[in-house]
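In: structure of the sequence below:
(chains A and B)
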Protein chains: 2
Amino acid sequence: MTQTIADIETPAVLIDLDVVEANIARVQAQFDGLGVGFRPHIKTHKIPYLARLQMQEGAIGIAAQKVSEAEVFAAEGFDDITLCFNLLSPDKITRVRRLMDSCHMTVVADNAQVVQALSAGMAGVATPLDVLVECETGMHRCGVQTPEAARDLAVLIDAAPGLRFAGLMTYPAPGGVHQVEAFMSAARPLCIAAVGHCDTISGGGTPSMAEAGLAPTVTEYRAGTYIYNDRSMVDRGACTLADCALTVLATVVSRPTDTRAVLDSGSKSLTSDLVGLTGHGSILGYPGAEIPSLSEEHGRVDLIHCASRPQIGDKVQIVPNHACPVSNLVDHVIFHRSGVVLRSEPVAARGCVQ
Amino acid sequence: MTQTIADIETPAVLIDLDVVEANIARVQAQFDGLGVGFRPHIKTHKIPYLARLQMQEGAIGIAAQKVSEAEVFAAEGFDDITLCFNLLSPDKITRVRRLMDSCHMTVVADNAQVVQALSAGMAGVATPLDVLVECETGMHRCGVQTPEAARDLAVLIDAAPGLRFAGLMTYPAPGGVHQVEAFMSAARPLCIAAVGHCDTISGGGTPSMAEAGLAPTVTEYRAGTYIYNDRSMVDRGACTLADCALTVLATVVSRPTDTRAVLDSGSKSLTSDLVGLTGHGSILGYPGAEIPSLSEEHGRVDLIHCASRPQIGDKVQIVPNHACPVSNLVDHVIFHRSGVVLRSEPVAARGCVQ
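Out: Now for the predicted structure:
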């Protein structure tokens, strides 16, 4: 018997595979057209099945943030993984070295201590570990601050036993494509002059994706959120609600007043991420409904501007503000096509904090 | 060999058992002194070992939000569980019925549909299910709106096959103790007049705990956060940083500028909960450090007002804004006493969304 999402216990995280496939195809085609390698970031979905769809469409490899995520995907046969995070602990670096038996691993560094730790962990390695220099281009997070500092760290990497300078990497601020191009087009020749090569220039980010062509120095692009999209991407004009593949299914469990509904989904399934937005998600079919506040297990819905109001027992689909952390809250998601349930799929790399 | 928290891979969630035991003893003594039953809410820790400590100190039972949480704790021998959440789905109610074989279960309702669903699920049951009427006393979440509505729902419950009206329940707004007392002291006699009894008046909330004595109508008190405490409780003056048992251990992985540090802990371990605060946690030993923003895996630390500044490779302990959702992000926590590691303990009821 056909099961539909109306039969699913709530709260639950639903993934529309039709939308996923369209998002994968559209974005891969964009980067194919630009002649830029596309490297999906698995932090958004944490699911090997979906990364395999991304590879089949033409991705050059995957990106991950944590060694434990890389281990999950390497065990599933993925053999080209970039870890976009400074590693310092000998244990984590030893685990990367183990992954190098089956994977082409690339890591990043933005300081000399990380380079030293990586080199110490690679003592006697047969093939050196590829290391990208992380550069700051406006995100105010990690990254060397100037093209000259990028060059200096490239020299340090190139001289470090067991390591190979592989190029430059950045995660830009949304809309920061011109800063990326300015930094990379200055740093690349400096690195080439100093160490003779600078193969990869890795840019990224779903928010800046539409402008990727404005940074021609970039040779590969990392993005995660685009596979699901979310309310923050709709808000930026990067997509429409129809392009959002991930929704949280919730039940109206209370209607305490005429203008208030309470859902059985709170921050434990929607997260409390605001990402600069007002409210905690868009309820499909109820454009006037607002979610002004969440407890862990309760979602409070304000129906004042809502012409048609959901009743107790009604199930609703919520497009969350930010899809990525939602994936990390559930052990499995429900795959469906236009509401017809296909199967429950484990979120294999959920909870990989280290 | 003694392991200390300095040896732990990061990020990790640490629990200081000395502080936990002191928090449990202090709060239990407060409610013993008031002659009020104390029912700890396990949503904060989700760990049977800690709930056992709470029971040994004198708790009358536990509270949970989800049937799946109750199942985890019932399997560990807990036999008095209150589920503080409206249940509508036949499957969830069937699971509650199964738990009634080994547990005294109490549930809540704030509307007639929930009462009907509960009664349908209890058809032919030997001992009726205890149902509390959830009352709104200022939280603007679930709950009947007036004492008269509480009485009317009590009558409905009392007449419903398989159910027994067990009393009233509320989760107050912080500082809302007078509203609780006003509502409950009006509703209780109405219920007694209508159905002959109103045994339990269940109040709760760590933020309002200090004022619990100002609501003498309350017969039992539910609270969760007090066992760990967190930055929001410090901010309210409910405790000091020394009373905070849960910290997130993180490593400084980057110092891109003189005034910025980046931690390997972001919203995936600290959550993005602000709970009305500025910044995303207090870093122990660095009172001037601020955490203005988190990515999923990065914590950005502003060191402008920081006299002594942590260096790359330093490990720091962060008291998060809100302890409860942090528990839900990790598969296990590290128990320690004053920094000496005891063991890794599974968060048995993590991810129990349904």
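In: all contacts plus neighbour counts: C-alpha atoms, from now on.
Out: Noted.
In: tell me which strands the longest strand belonging to chain A pairs with, and in which orientation.
Out: Counting by DSSP state E, the longest strand found in chain A is strand A:246-257. Using DSSP bridges, the strands paired with strand A:246-257 are strand A:12-16 (antiparallel), strand A:260-263 (antiparallel), strand A:315-319 (antiparallel).
In: how about the contacts made by residue A:236?
Out: residue A:207 (C-alpha atoms under 8 Å, 6 or more residues apart in numbering or on different chains).
In: ugh, typo on my part, it should be residue A:166
Out: Residue A:166 touches A:130-132, A:198-200, counting by C-alpha under 8 Å, 6+ apart.
In: take the residues you listed and keep only those in helices.
Out: Nothing among these maps onto helices, per DSSP state H.
In: which SS class is residue A:141?
Out: coil (DSSP: H, G, I helix; E, B strand; the rest coil).
In: against residue A:349, how distant is the nearest residue to residue A:92 once chain neighbours are set aside?
Out: With sequence-adjacent residues excluded and distances taken as C-alpha to C-alpha, 6 or more residues apart in numbering or on different chains, residue A:92 is closest to residue A:67, at 6.6 Å. Residue A:67 is 11 Å from residue A:349, where distance means C-alpha to C-alpha, to the nearest Å.
In: go on, residue A:39?
Out: On the measure of C-alpha to C-alpha, residue A:39 and residue A:349 end up 18 Å apart.
In: and residue A:155, by the same measure?
Out: Distance from residue A:155 to residue A:349, counting by C-alpha to C-alpha: 35 Å.
In: which of those two has more neighbours?
Out: residue A:349 (23 against 17; other C-alpha atoms under 10 Å in any protein chain shown).
In: from residue A:127, how far off is the closest residue to that one other than its chain neighbours?
Out: Nearest in space to residue A:349, with sequence neighbours left out and distances taken as C-alpha to C-alpha, 6+ apart, is residue A:46 at 4.9 Å. Per C-alpha to C-alpha, residue A:46 is found 28 Å from residue A:127.
In: A helix includes residue A:18, no?
Out: Yes. Looking at residue A:18 with three-state DSSP, it is inside a helix.
In: go ahead and confirm it touches residue A:339.
Out: No. The pair residue A:18 / residue A:339 is not scored as a contact, 10.3 Å apart, by C-alpha atoms under 8 Å.
In: contacting residues around residue A:13?
Out: A:246-249, A:269, A:326-327, A:330, A:332-334.
In: ok, those vs chain B, which is closest?
Out: residue A:330 (6.0 Å; C-alpha to the nearest C-alpha).
In: need phi/psi at the residue nearest to the spatial centre of chain A.
Out: Centroid check for chain A by C-alpha atoms, centre = their mean gives residue A:224 as the closest residue, at 3.1 Å. Reported as degrees, to the nearest 10, the phi and psi values for residue A:224 are phi -120, psi -50.
In: please see if the host helix or strand of residue A:268 touches chain B.
Out: According to DSSP states H and E, residue A:268 maps onto helix A:267-270. Yes. Counting by C-alpha under 8 Å from any C-alpha of the partner chain, chain B has neighbours in helix A:267-270: A:268-269.
In: hang on, residue A:194 in a helix?
Out: Yes. The assignment for residue A:194 by three-state DSSP puts it in a helix.
In: quick one, grab the pLDDT at it.
Out: pLDDT recorded at residue A:194 is 98.
In: tell me what the closest residue to residue A:310 other than its chain neighbours is bridged to.
Out: Leaving aside its chain neighbours, residue A:310 sits nearest to residue A:252 (7.3 Å; criterion: C-alpha to C-alpha, 6+ apart). Beta-bridge partners recorded for residue A:252 (DSSP bridges): residue A:263.
In: hang on, residue A:252 packs against residue A:266?
Out: No. If you go by C-alpha under 8 Å, residue A:252 and residue A:266 don't touch, sitting 11.8 Å apart.
In: ok, the residue nearest to residue A:92 to residue A:160 distance?
Out: 22 Å.
In: helices of chain A, residue ranges please.
Out: With DSSP H as the definition, chain A shows helices at residue ranges A:17-34, A:48-56, A:67-75, A:90-99, A:112-121, A:147-159, A:177-195, A:231-235, A:267-270, A:323-327.
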